[in-house]
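Novice: here is my input, please return the structure:
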Amino acid sequence: MRALLSTAVLGLAIVVSPRLAEAAAYTGWGDTGWVYASKRDCCDGAIAIARDYSAQACINTGGTPRLDFGAQRGTCRSEWMQPGDGSVLYRCYGEASVWCR
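Specialist: Numbering: from 1, shown residues only. Down below sits the predicted model:
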């Protein structure tokens with residue numbers, strides 16, 4: 001029984017190892033431009049753009065993006081300005097990584 005278990009574990013390691021070696025994370029960056037939105041919505045938009053760019057980088061290398069697993073939300077940096085009408089405009093820069101296999 002012990003030999004069978006050892007063989008099964010070794011077989012699983014051989015099957016899984018190449019897949020783990022091929023996996024990579026591609027970081028993407030997003031820029032919303034100036035938008036009439038809340039700071040939160042602006043950052044969410046910038047990170048969504050970054051996630052899309054990250055997934056596209058994975059596809060461009062022949063991989064398959066794992067959007068359901070392993071997507072990492074990165075940082076968001078924002079700027080704001082107030083035009084003469086008193087409204088607030090935000091511009092956000094986001095970062096995200098999507099796992100690729």
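Novice: so, low pLDDT: which residues of the chain?
Specialist: Residues of the chain meeting the criterion pLDDT under 70: 1-22, 70-71.
Novice: helices of that one, start to end?
Specialist: According to DSSP state H, the chain carries its helices in the segments 2-22, 39-60.
Novice: who touches the longest one?
Specialist: Residues from elsewhere that reach helix 39-60, judged by C-beta atoms under 8 Å, 6 or more residues apart in numbering: 24-32, 35, 37, 64-65, 67, 71, 73-74, 76, 78, 80, 90-98, 100. Glycine gets a C-beta too; all of them are placed from N, C-alpha and C.
Novice: residues in contact with Trp34?
Specialist: Trp34 neighbours (C-beta under 8 Å, 6+ apart): Met81, Leu89, Tyr90, Arg91.
Novice: need the contact list for the first one.
Specialist: I take that to be Met81. Met81 makes contacts with Trp34, Val88, Leu89, as judged by C-beta under 8 Å, 6+ apart.
Novice: the residue lying closest to the last one once chain neighbours are set aside and Gly63, how far apart?
Specialist: Spelled out, it's Leu89. Residue nearest to Leu89 in three dimensions, not counting chain neighbours: Trp34, with 4.6 Å by C-beta to C-beta, 6 or more residues apart in numbering. Counting by C-beta to C-beta, to the nearest Å, the gap from Trp34 to Gly63 is 34 Å.
Novice: just the buried residues from the contacts of Trp34, in ChimeraX please.
Specialist: To isolate the buried ones among the contacts of Trp34 in ChimeraX, judged by 16 or more other C-beta atoms under 10 Å, type:
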select :90,91
